[in-house]
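Chemist: Give me coordinates for this.
(2 chains)
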Amino acid sequence: MNSTNLFIESAGNGPRIQFEKVCLMLGGNSILDEVDFVVEPGSIHCLIGPNGGGKTSLLRSLLGQMPHSGTIKLGWSDGEVIGYVPQMLDFDRTLPITVDDFMAMTCQTRPAFFGIGSEFRIPIGRILDKVGLAEKRYRILGQLSGGEMQRLLLAQALLPAPNLLVLDEPATGLDEKGATILRNLLRELKTQGVTIFWIHHDLQEVREMADFVTCINRRVIFSGRPVEVLNNEQILSAFSARSYQNTGTMP
Amino acid sequence: MTAVYELFRNLLLQWAEAGFLPESFKYAFVANAFFCAFLIGPLLGGIGTMVVTKRLAFFSQAVGQAAMTGVALGILLGEPYTSPYASLFGFCILFGLLMNFTRGRTKMSSDTVIGVFLSISLAVGACILLYVTAGVNIHILESILFGSILTVSDIDMNVLLVVAVICTMVSIPFYNRLLLGSFNSSLAHVRGVKVVLMEYMFVLMITVITVASLKIVGAVLVEALFIIPAAAARNISKSIRSFTAFSILFSTLACLLGVVIPLEFNIAVPSGGAIILVASFFFLITAVVRITGKRYSEGTL
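Modeler: Sure thing, here's the model as predicted:
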């Protein structure tokens, strides 16, 4: 992709992330056990694994929100901005908060009820346009479809421009339009050197998009380039019959 | 501060004499009540939108009821009946913070924790209240429980003014951060929001506002002014801007009308009751607008 075509200014190169013997105990249960792997800077690294295997817990450990032991080294090179795309938001569906209000609430200090500040008007407009929500700026959050909500969560993660983008795969999948937008966006961010760490369920897409993939189920099951590690034998051993039924994501 | 209040009272007096305002505004206590209504209205209306967004309606109710126990405690400890502020602030702040602490640490659902605390506080309050009222005139308590504009003193106005200024100065710059945590605490944390600190700050704000509004709205009903104007505004709003603006408008009108109407029509009701009834009237109208308006139509299930 042509670099003059970029819709947000590049924040510079992303960090290298090193997980070293990361363990996590919650409520007396072992959630993560000696997790070791490396996320290369500027790569798209997907995290897969059965439900309840500790993917989100690992991600929250990375964000400093879990009482984990072991070390997670973030080797920043340029800026230190993290963009985070959560699974979902918790709110009443009739709450009168629009797409614009939500962008204002996440990105600026000026209170959201005063509207978007002048310095954010252009970047927010551009990003909403990029994720295909330009026409829904005055919709209240409760009236967005699952796919639209996911694109909004993606949009807020891009302002300020991130060096590290962390995505927690939504429980409900993106619509086709959203999936295409997301794919193009991530490729674009990758050309800027952004490190992308992505929990994913769709193994087909992991094959297409990821530079590296790590499968965890409490501990690392396998880790490497998708073409090397994503063979049927590995996947069968990682997703037990039970978790296969739960996730339904076998290729 | 007294000079400022005098200025305000004289201004109202002149306007009343010139016929711009009703006769009753010649009285100092009416002017005092009006002054308080002007502070309480926008403050509770504005903060109320956050209470509703953060789903803390039940929480603010518990803090309101705790104020009753605070009053009882104050009388027991020998504070003046009309302004037992040390006990009120002391007990309510302790109660609010402890409730938030328990909620955060036990990870129990909010309504369970609040229910437990509310019951404890009511039980303690009821016991102390019945014990102390053996010695005092019960009518004095009425004004604290349900609000009375007759008893508003310069001290009350000072307390309210200080609380209003501080809460406004805190809630405007922290508005987005106070709200974001309730949408997704992980996201708020990544955005550099100190989520737990914000929760405590907000609880503290609700508590001190509740205590400061006691004289006009009363301990039993003060939390209703957090919720009803915001709920009414929510019925007819399509953005956070109109949500906030309508809530402030409804709350301020309710406070002003709730003070003025009983005076003008010589109805002997507590100001708190009148204020909440006016606010409820706004809620009723907006609810009808929402139910009948096509632009608000939703699925039925």
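Chemist: other SSEs contacting the lowest-mean-pLDDT helix or strand in chain B?
Modeler: Among the helical and strand segments of chain B, the one scoring lowest on mean pLDDT, DSSP states H and E is helix B:138-146, with a mean of 75. On a contact count with 3 or more CB pairs under 8 Å, 6 or more residues apart in numbering or on different chains; DSSP states H and E, helix B:138-146 meets helix B:57-76, helix B:214-217, helix B:271-292. For every residue, glycine as well, the C-beta is placed using N, CA and C.
Chemist: Need the residues that contact that helix.
Modeler: Residues outside helix B:138-146 that contact it (CB atoms under 8 Å, 6 or more residues apart in numbering or on different chains) are B:68, B:71, B:81-82, B:129, B:133, B:148, B:150-151, B:214-215, B:218-221, B:270-273.
Chemist: Selection in ChimeraX covering whichever of these are buried, please.
Modeler: Per 16 or more other CB atoms under 10 Å in any protein chain shown, the buried members of the contacts of helix B:138-146 correspond to this ChimeraX selection:
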select /B:68,71,81,129,148,151,214,215,218,219,220,221,270,271,272,273
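Chemist: near chain A, which of the contacts of helix B:138-146 show up?
Modeler: Filtering these for proximity to chain A by CB under 8 Å from any CB of the partner chain leaves nothing.
Chemist: circling back: can you pull the buried residues of the least confident helix or strand of chain B?
Modeler: Within helix B:138-146, judged by 16+ other CB under 10 Å, the buried ones are B:140-141, B:143-146.
Chemist: just stretch B:119-138 next, same as before
Modeler: Buried residues in stretch B:119-138 (16+ other CB under 10 Å): B:121-122, B:124-125, B:128-129, B:132.
Chemist: What of stretch B:164-179?
Modeler: B:164, B:167, B:171, B:174-179.
Chemist: what's the burial count for the closest residue in space to residue A:207 that isn't next to it in sequence?
Modeler: Spatial nearest neighbour of residue A:207, chain neighbours left out: residue A:226 (5.0 Å); criterion: CB to CB, 6 or more residues apart in numbering or on different chains. Applying the criterion other CB atoms under 10 Å in any protein chain shown, we find 18 residues in the vicinity of residue A:226.
Chemist: Pull the contacting residues for the residue lying farthest from the centre of chain A.
Modeler: Distance from the C-alpha centroid of chain A, by CA atoms, centre = their mean, peaks at residue A:114 (29.6 Å). Residue A:114 is in contact with residue B:241, counting by CB under 8 Å, 6+ apart.
Chemist: What distance do you get for it to residue A:225?
Modeler: Separation of residue A:114 from residue A:225 (CB to CB, to the nearest Å) stands at 49 Å.
Chemist: List of residues touching stretch B:96-108?
Modeler: Outside stretch B:96-108, the residues that touch it by CB under 8 Å, 6+ apart are B:59, B:62-63, B:66, B:110, B:113-114, B:117, B:196, B:199-200, B:203-204, B:206-207.
Chemist: now it, how far from the chain's geometric center?
Modeler: What separates the centre of stretch B:96-108 from the centre of its chain is 22 Å, taken as CA atoms, centre = their mean, to the nearest Å.
Chemist: Which residues belonging to that stretch are considered buried?
Modeler: Within stretch B:96-108, the residues that count as buried by 16+ other CB under 10 Å are B:96, B:99-100, B:103.
Chemist: Which members of those residues occur in strands, if any?
Modeler: Among the buried residues of stretch B:96-108, no member is found in strands (DSSP state E).
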